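Enquirer: Sharing a sequence plus its predicted fold:
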Number of protein chains: 2
Amino acid sequence: MRPQEQQPAVSADQTDLGEAASKLRALSGQLTRRLRAASEGDGVTMSQAAVLSRLNRQGPATTVELARAERVRPQSMGATLSALEEAGLVQRSPHPSDRRQMIMSLTEQGHRKIAEGRRIKESWIVQALRDQLDDRERAVVIEAIELLGRLTEDN
Amino acid sequence: MRPQEQQPAVSADQTDLGEAASKLRALSGQLTRRLRAASEGDGVTMSQAAVLSRLNRQGPATTVELARAERVRPQSMGATLSALEEAGLVQRSPHPSDRRQMIMSLTEQGHRKIAEGRRIKESWIVQALRDQLDDRERAVVIEAIELLGRLTEDN
DNA sequence: TATTGTTATACTCTATAACTATA
DNA sequence: TATAGTTATAGAGTATAACAATA
């Protein structure tokens, strides 16, 4: 916890951007490991959770659509979906007009898993955000998550 | 690009924190894939780059020290270090007083790889930060990277 | 021909378990 | 006994290549 610092954080010239990118890469690896460790034991991996969450947000979708949205190859998404199907969390139904395609959707159990995950997961980061940041810092982090999310969605 | 919004971003109550954590997890996966894709072809993986960067910042260190710092098991760090050694980017020297330990340090080639990486890598994220965010948003993201870095280092 | 999806194969990252050498 | 490191093995995530079915 720190005293409130109301000055503008940093001047964002080119050097800072390279520096920021470098730190972001390191941060990305650290976060991945910490979050994975925090959410292990709930039976779904992070990739699987991302797909469940997306199906929940956006409704049923095909393998190729999900692969594009998550920016992985259809083969990789196929593997993730197979695991989810085997776990009974998603189901595939035939596409009404195109027999090549399969529509993936959440099962009842999949919906329950998402609700459960909302409650249990990410406890490490929630506590860290609450206990180690002051109000202003928390607002900065929350907004940055939105902004970075926008950058990874666009292109 | 957006008009400047000077209002405080969000009030950070418990619900927001869970929401933020959930988004952060999704973001983490997306960033990992994007950054890996952006830096592939330079011959070092993200884990290897993290170790090179740390050795460059903090100087020579043992396997166990590096494992603790990066929050991986010594076995995992050992594998990363073996790959880096085989690539000629780090070297191991005996610890002066404890013959169990090995001191890892950057080779000349390792230093060059880091300098090269600074120039080439992360171009996607640098461009995105520069082109898709305004000054205030950039400052928010840069500060949040620092804050989140602090959270993953502590604990 | 192009698209959707699958199967086969391989590499990276990480983990656990069991071991050796040294302290 | 405890610590530093290695070897063996396994699972998740991802990729490329080759293929079948369908459009």
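Expert: Yep, that arrived.
Enquirer: which SSE is the spatially most central residue of chain A in?
Expert: Central residue of chain A (CA atoms, centre = their mean): A:Ala50, 5.1 Å from the mean position. For A:Ala50, the enclosing helix or strand under DSSP states H and E is helix A:46-58.
Enquirer: Report whether that helix contacts chain B.
Expert: Yes - Helix A:46-58 comes into contact with chain B (CB under 8 Å from any CB of the partner chain), by way of A:46-47, A:49-50, A:53. Placement of C-beta: from N, CA and C, glycine included.
Enquirer: So which elements touch that helix?
Expert: If you count contacts as 3 or more CB pairs under 8 Å, 6 or more residues apart in numbering or on different chains; DSSP states H and E, helix A:46-58 packs onto helix A:14-39, helix A:63-70, helix A:74-86, strand A:90-94, strand A:102-106, helix A:108-120, helix B:14-39.
Enquirer: sorry, back to before: can you put the residues of helix A:46-58 next to chain B in a markdown table and add pLDDT?
Expert: Formatted as a markdown table, those follow (pLDDT from 0 to 100):
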| residue | pLDDT |
| --- | --- |
| A:Met46 | 92 |
| A:Ser47 | 94 |
| A:Ala49 | 93 |
| A:Ala50 | 94 |
| A:Ser53 | 94 |
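Enquirer: out of the residues you listed, which one sits closest to B:Gln132?
Expert: Nearest to B:Gln132 out of those is A:Ala50 (CB to CB; 22.2 Å).
Enquirer: Who wins on neighbours among the residues of helix A:46-58 next to chain B?
Expert: Highest neighbour count within the residues of helix A:46-58 next to chain B: A:Ala49, with 24 neighbours (other CB atoms under 10 Å in any protein chain shown).
Enquirer: Could you give the residue of chain A that lies closest to DNA strand D?
Expert: Closest to DNA strand D within chain A is A:Thr45: 2.5 Å, counting by CB to the nearest atom of the strand.
Enquirer: Quick one: residues contacting that residue.
Expert: A:36, A:83 (CB atoms under 8 Å, 6 or more residues apart in numbering or on different chains).
Enquirer: ok, now how distant is it from A:Met104?
Expert: Look at A:Thr45 and A:Met104: by CB to CB, to the nearest Å, they are 17 Å apart.
Enquirer: Give me the domain ranges for chain A.
Expert: If you go by automatic domain parsing, the domain ranges for chain A are A:42-121, A:122-155.
Enquirer: what about the longest one, near DNA strand C?
Expert: Yes - remark: domain A:42-121 sits within contact range of DNA strand C at A:62-65, A:74-75, A:78-79, A:81-82, A:95, A:98, A:100-102, by CB under 7 Å from any atom of the strand.
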